[in-house]
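Engineer: the sequence and its predicted three-dimensional model are supplied below.
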Amino acid sequence: MVAYARFSVHATHETARRPQSGPQPRLLHSQPGTGALVQAAIDPLVAIGMLAATVAFFGGRFDGACLILALLVFAMTFPGSLAGEAASAGELALDIATGWMAIVGVLVLLGWASRTLGVFDQRMLLAWALATPAALFLAHEALPRLLPRLLAAEGLRKSAVVAGANDLGRGLAARLQANPLHGVRFAGYFDDRAPARISENVLGSIGALPEYVRTHGIDIIYIALPMASQPRIVKLLEELRDTTASIYFVPDIFVADLIQARVDTIGDLPVVAVCETPFYGFNGLVKRLADYVLASLILVLIAPLLIALAIGVKLSSPGPVLFKQRRYGVDGRKIMVYKFRTMTVAEDGDVVRQATRNDSRITPFGGFLRKTSLDELPQFINVLQGRMSVVGPRPHAVAHNELYRKLIRGYR
């Protein structure tokens, strides 16, 4: 997905002519539109509204305990966390049901731990827990149909044009048109190429864009021109100085072959992750904790099997039970990987000959281990050591990595 509109330049019209020696411009995060705010607030509003309705239905009073419960629900559901990008009504219902069950489970656990469940009418709690997911489903089904009309009636729907009818511009326009909750009406493109070469809704050339914006009351301008067109972009920004439209630059971050493209910020300065390790920060901590717990449990459960396989390896052929080989782990660090020995040799040098069909080096018991992948089980010890992960790319021998990196672009 194109990482667009993460930062705006509508507050930096003058940055094109700003001398480098002066104060540096501050890049602002783009603010979410009205439609996005409504979409983010729909879950907590419906859940809290249903809480108030069930309290009233059972003749109760929305007191301090209900207020605390409402605040907890708001914290768990904002922004719009119950329903994702569901492709169908069935997926939407499943997302809402599973998300709401998790929230109810946490609330019950908190109530039990704090001994406050008795404060509430149990009939009210049960009715609220059962009725809320149905109300959430109806709200999410109705929102895409009703919100655009409400935004248009209140004059909150904004009109937008895209400078550049290229792949990037078309992708942006498609996203604006596909999701009415953006609250944006796409008017058309501006492009300097001959109309015969473009089949899209082109309103004029790039030079005609400023005048069109002024005369047609355009609210938003997305600049999707290639980075190679920097002089043209600077000239366009200069000509748009006197407009009140918001201007967003859509960077073509896929101009290079990016592996893990992601937009982040350092302070208020946006940066694009060209190639980033997935084990960074909080995500890395969660993954490491999950690996440690899973590896510990699995090793305890399969300990008898490991002992039986180790005896089988020892009795089937002379040599060590475990085969140790240097491989590359996370961040390109060399690690020692453990496997049950399946061959009469234990190669770990600069040249490692891979096993082939009917390889004479494979022992009979080793062939069984390879066929069933049971020879890989000792690698859970590597996971426990922090050298490997339960889920991750398969590490290859150092010699093979050095071979593949020369043959496969971006292999590392």
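Structural biologist: All right, it came through fine. Numbering: from 1, shown residues only.

Engineer: report how many residues lie close to the residue lying closest to Met343 once chain neighbours are set aside.
Structural biologist: Nearest residue to Met343, sequence neighbours excluded (C-beta to C-beta, 6 or more residues apart in numbering): Arg361, at 4.4 Å. The way it works is simple: take the backbone N, C-alpha and C, and place the C-beta from them, glycine included. As a burial measure, Arg361 scores 13 neighbours (other C-beta atoms under 10 Å).

Engineer: look up the pLDDT of Arg361 for me, please.
Structural biologist: Per-residue confidence (pLDDT) for Arg361: 80.

Engineer: verify the contact between it and Phe323 for me.
Structural biologist: No: in this structure, Arg361 is not within contact of Phe323 by C-beta atoms under 8 Å, at 11.7 Å.

Engineer: list residues touching both of these two?
Structural biologist: Common neighbours of Arg361 and Phe323 are listed as Met343 (criterion: C-beta atoms under 8 Å, 6 or more residues apart in numbering).

Engineer: which residue ranges of the chain form helices?
Structural biologist: Here the chain has its helices, by DSSP state H, at 34-57, 64-77, 89-114, 122-153, 167-178, 209-216, 230-239, 281-316, 364-372, 379-385, 398-407.

Engineer: make JSON lines out of the ones you listed and add distance to Ile223.
Structural biologist: Converted to JSON lines, the helices of the chain look like this (distance: least, C-beta to C-beta, whole Å):
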{"stretch": "helix 34-57", "distance to Ile223": "21"}
{"stretch": "helix 64-77", "distance to Ile223": "36"}
{"stretch": "helix 89-114", "distance to Ile223": "35"}
{"stretch": "helix 122-153", "distance to Ile223": "24"}
{"stretch": "helix 167-178", "distance to Ile223": "9"}
{"stretch": "helix 209-216", "distance to Ile223": "9"}
{"stretch": "helix 230-239", "distance to Ile223": "6"}
{"stretch": "helix 281-316", "distance to Ile223": "32"}
{"stretch": "helix 364-372", "distance to Ile223": "56"}
{"stretch": "helix 379-385", "distance to Ile223": "47"}
{"stretch": "helix 398-407", "distance to Ile223": "38"}
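
Engineer: can I get the ones you listed in JSON lines with mean pLDDT and distance to Pro270?
Structural biologist: Output for the helices of the chain, formatted as JSON lines (pLDDT from 0 to 100; distance: least, C-beta to C-beta, whole Å):
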{"stretch": "helix 34-57", "mean pLDDT": "84", "distance to Pro270": "19"}
{"stretch": "helix 64-77", "mean pLDDT": "90", "distance to Pro270": "28"}
{"stretch": "helix 89-114", "mean pLDDT": "89", "distance to Pro270": "30"}
{"stretch": "helix 122-153", "mean pLDDT": "82", "distance to Pro270": "28"}
{"stretch": "helix 167-178", "mean pLDDT": "84", "distance to Pro270": "17"}
{"stretch": "helix 209-216", "mean pLDDT": "90", "distance to Pro270": "24"}
{"stretch": "helix 230-239", "mean pLDDT": "86", "distance to Pro270": "17"}
{"stretch": "helix 281-316", "mean pLDDT": "88", "distance to Pro270": "17"}
{"stretch": "helix 364-372", "mean pLDDT": "86", "distance to Pro270": "49"}
{"stretch": "helix 379-385", "mean pLDDT": "90", "distance to Pro270": "36"}
{"stretch": "helix 398-407", "mean pLDDT": "72", "distance to Pro270": "31"}
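
Engineer: redo those as TSV? Include mean neighbour count.
Structural biologist: Compiled in TSV, the helices of the chain are given as follows (neighbours: other C-beta atoms under 10 Å):
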stretch	mean neighbour count
helix 34-57	19
helix 64-77	16
helix 89-114	14
helix 122-153	16
helix 167-178	17
helix 209-216	16
helix 230-239	15
helix 281-316	13
helix 364-372	16
helix 379-385	18
helix 398-407	14
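
Engineer: for Ala245, which of those helices is the nearest?
Structural biologist: Between Ala245 and the helices of the chain, the tightest spacing by C-beta to C-beta is seen for helix 209-216, at 5.4 Å.

Engineer: and the closest one, what other elements does it pack with?
Structural biologist: Identification of packing neighbours for helix 209-216 by 3 or more C-beta pairs under 8 Å, 6 or more residues apart in numbering; DSSP states H and E yields strand 158-163, strand 184-190, helix 230-239.

Engineer: out of these, flag the one nearest Trp112.
Structural biologist: Per C-beta to C-beta, nearest to Trp112 of the helices and strands packed on helix 209-216: strand 184-190, 46.1 Å.

Engineer: what helices or strands is the closest one leaning on?
Structural biologist: Going by 3+ C-beta pairs under 8 Å, 6+ apart, strand 184-190 lies up against strand 158-163, helix 167-178, strand 202-204, helix 209-216.

Engineer: export these as CSV, with columns for distance to Asp43.
Structural biologist: As requested, those are exported to CSV (distance: least, C-beta to C-beta, whole Å):
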stretch, distance to Asp43
strand 158-163, 24
helix 167-178, 21
strand 202-204, 38
helix 209-216, 36
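
Engineer: tell me which of those lies nearest to Arg288.
Structural biologist: helix 167-178 (35.1 Å).

Engineer: starting at the chain centroid, how far to that closest one?
Structural biologist: 19 Å (C-alpha atoms, centre = their mean, to the nearest Å).

Engineer: from the contact counts, what lies against it?
Structural biologist: Short answer (3+ C-beta pairs under 8 Å, 6+ apart): helix 167-178 packs on strand 158-163, strand 184-190.

Engineer: hmm, back to that, looking at the helices and strands packed on strand 184-190, which is nearest to Ile48?
Structural biologist: Nearest of the helices and strands packed on strand 184-190 (C-beta to C-beta): strand 158-163, 28.9 Å.

Engineer: what is that closest one packed up against?
Structural biologist: helix 167-178, strand 184-190, helix 209-216, strand 220-223.

Engineer: now do 10 Å
Structural biologist: Judged by 3 or more C-beta pairs under 10 Å, 6 or more residues apart in numbering; DSSP states H and E, the packing partners of strand 158-163 are helix 167-178, strand 184-190, strand 202-204, helix 209-216, strand 220-223, helix 230-239, strand 246-249.

Engineer: quick one: the ones you listed as JSON lines, columns for distance to Leu146 too.
Structural biologist: Shown next, in JSON lines, are these (distance: least, C-beta to C-beta, whole Å):
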{"stretch": "helix 167-178", "distance to Leu146": "17"}
{"stretch": "strand 184-190", "distance to Leu146": "16"}
{"stretch": "strand 202-204", "distance to Leu146": "30"}
{"stretch": "helix 209-216", "distance to Leu146": "27"}
{"stretch": "strand 220-223", "distance to Leu146": "22"}
{"stretch": "helix 230-239", "distance to Leu146": "37"}
{"stretch": "strand 246-249", "distance to Leu146": "25"}
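
Engineer: all set now, cheers.
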